[in-house]
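Q: Next comes the sequence, and after it the predicted model I'd like to discuss.
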Amino acid sequence: MLDIQIFRDDPDRIRADFSKRGLDESIIDEVLRLDGRWREVRFEVDQFRKARNSAARMISEAKKKGDDEEVKLILSQVSSLGSKIEDLEADAQRLVSERDAIRLQIPNLLHEDVPIGESDQKNVEISRHGNSPDFDFQPKTHNELIEQNHWVDLSRGSKITGSRQYFLMGDLARLDMALQQYSADFLINRGYTLVQPPLMMNRRAYEGVTDLSDFENVMYGVEPDGYYLIATSEHPLTAMRMDEVIEQSELPIKMVGVSPCFRREVGAHGMSDRGIWRVHQFTKVEQVIICKPEDSWDHHVELLENAKELWDSLGLHYRVVDICTGDMGTVASRKYDLEAWLPGAKEFKEVVSCSNCTDYQANRLKMRFRKSGGNEAVHTLNSTAVATSRALVAILEQYQASDGSVTVPDVLVPAMGGKRALAPNQ
RNA sequence: GCAGACGUCGCAUAGCCUGGUAUUGCGCCGGAUUUGAAAUCCGGUGUCCCUUGGACUCGGGAGUUCGAAUCUCUCCGUCUGCGCCA
């Protein structure tokens, strides 16, 4: 959510962003109109309250002196104030909640260097890393590999739950755990605090960190308690300091979250999403930073570098992409993706997403840091380290041999109990 | 699940019974003092509206009242004990 002060001081800045994103500007004026009305009503109700407070003080004085006549006189003068205040209060409440309902839908301000474009087709490739594996055979898709080696049981997964659910089995399950262990250690060694979060959040906390449409399209609800299963540990780790004033000495807060992630994936279909590329549940190792505003762009680079060095160490070929306006989403001000090369599918596909959300989440969460002259909203950033299911797909496709066997990346061998290749299941 | 206690400014704490300007300490920020630091002293330290100034804020919401941290109802949360339990 954007600070209301930006609407009042510099609405053209928001308009400029809207035109980059191709959005209808009229709701900006609607926010300004409601805000103006609210401030008028607020002023009016404050005047009535002032009158009521001074009357209350005079009654108190008169009672102390035992002057009952005076008390009656004042009471007769102020008897109608209560209902007037109540009416105006209701108006103010209505105006401000209408204003903020619109404000919640307005996306974050973009970093000035974000490339302009209407869809992911206009994302800009920044760099390529690692070497594309050189096969002297036709590489298989991960889908063919998991089927041949019986590493994933999708049909029984859907039998006991529903579509896109799966059992991960044998050495591929072990590789999943190895990836978690290795990636978490990688970031712990860089000063990040390991955090295992709650896997469910209440509505208020969740509204602080995500686009409202995600409640229909992304998150699973847990009834009858009214909780939501987390779509990523970014959400609980970021919301963790909701309603708090953080001491400067605590900043920056750097965390590495490890958790299962649950996603409804409404509307996902088709060949490109077969196998375990797009599933309802996966495990993710996530980086989260809460910091002072002036430091956030440095930390954004830091998160990206962490991700790149982690993926370099896994020996995987990937590229870095600068996300354009049309692919940005609501919350981030700037976003880089890592896209891994999938030789079977013959394309680069998203495996890491690295965002600076500036003060957008912090404003919703009322998450500030102590500062003389007025506390200020912190900045929040997040980046995937490894989403295990997608990293598994990249490893399967890039580390495959002609017979369908798969080598273990060197750095994961210790966590695989010394195994250098994944054994097939019977 | 049962029983009890509790929720006050960043933290801690008084006020609640008996309704009438939210107390004090710590932390933090600024200043004085100092070669520097500590200690000490002074001031500031939540949110909103604004022109001086004002309004709001005691877990959330509702009610009673001229007036609610204080009384009533309700919801949420925390702690303790018992029970159950990986």
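A: The structure has been received and is ready for your questions.

Q: what sits against the residue of the stretch 101-250 of chain A found nearest RNA strand B?
A: With C-beta to the nearest atom of the strand, the shortest gap between the stretch 101-250 of chain A and RNA strand B falls at A:Val245, namely 4.1 Å. No exception for glycine: its C-beta is placed from N, CA and C like everyone else's. Counting by C-beta atoms under 8 Å, 6 or more residues apart in numbering, A:Val245 touches A:368-370, A:375.

Q: now do 6 Å
A: A:368, A:370, A:375 (C-beta atoms under 6 Å, 6 or more residues apart in numbering).

Q: now do A:Pro107
A: Counted by C-beta under 6 Å, 6+ apart, A:Pro107 has contacts A:Thr330.

Q: One more: A:Ala62?
A: A:Ala62 touches A:70-71, counting by C-beta under 6 Å, 6+ apart.

Q: Now do the buried residues in the helix or strand harbouring it.
A: Taking DSSP states H and E as the definition, A:Ala62 sits inside helix A:26-65. For helix A:26-65, the neighbour count (16 or more other C-beta atoms under 10 Å) marks A:28, A:31-32, A:34-35, A:37-38, A:41-42, A:45, A:48, A:55, A:58-59, A:62 as buried.

Q: Look up the residues forming beta bridges with the residue of the stretch 101-250 of chain A closest to RNA strand B.
A: A:Arg368 (DSSP bridges).

Q: And it, how far from A:Leu251?
A: 12 Å (C-beta to C-beta, to the nearest Å).

Q: for A:Gly191, same thing?
A: Distance from A:Gly191 to A:Leu251, by C-beta to C-beta: 13 Å.

Q: Can you name the residues of chain A that neighbour RNA strand B?
A: A:4, A:39, A:42-43, A:45-47, A:49-50, A:52-57, A:59-60, A:63, A:75, A:78-79, A:81-82, A:244-245, A:247-248, A:368, A:370, A:372, A:374-375 (C-beta under 7 Å from any atom of the strand).

Q: Can you pull out the low-pLDDT segments for the stretch 251-400 of chain A?
A: For the stretch 251-400 of chain A, the stretches flagged by pLDDT under 70 are A:268-273.

Q: What of the stretch 101-250 of chain A?
A: Of all residues in the stretch 101-250 of chain A, none has pLDDT under 70.

Q: mind listing the strands in it by residue range?
A: A:124-129, A:152-153, A:167-168, A:193-195, A:200-202, A:221-222, A:227-229, A:245-246 (DSSP state E, counting those that start in this stretch).

Q: With distance to A:Leu109 added, can I get those strands in TSV?
A: As requested, the strands of the stretch 101-250 of chain A are exported to TSV (distance: least, C-beta to C-beta, whole Å):
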stretch	distance to A:Leu109
strand A:124-129	20
strand A:152-153	42
strand A:167-168	40
strand A:193-195	29
strand A:200-202	26
strand A:221-222	31
strand A:227-229	27
strand A:245-246	23
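
Q: Which among those strands is found nearest to A:Glu397?
A: Nearest to A:Glu397 among the strands of the stretch 101-250 of chain A is strand A:152-153 (14.1 Å), distances taken as C-beta to C-beta.

Q: Does anything pack onto the closest one? Which helices or strands?
A: Contact partners of strand A:152-153 among helices and strands, from 3 or more C-beta pairs under 6 Å, 6 or more residues apart in numbering; DSSP states H and E: none.
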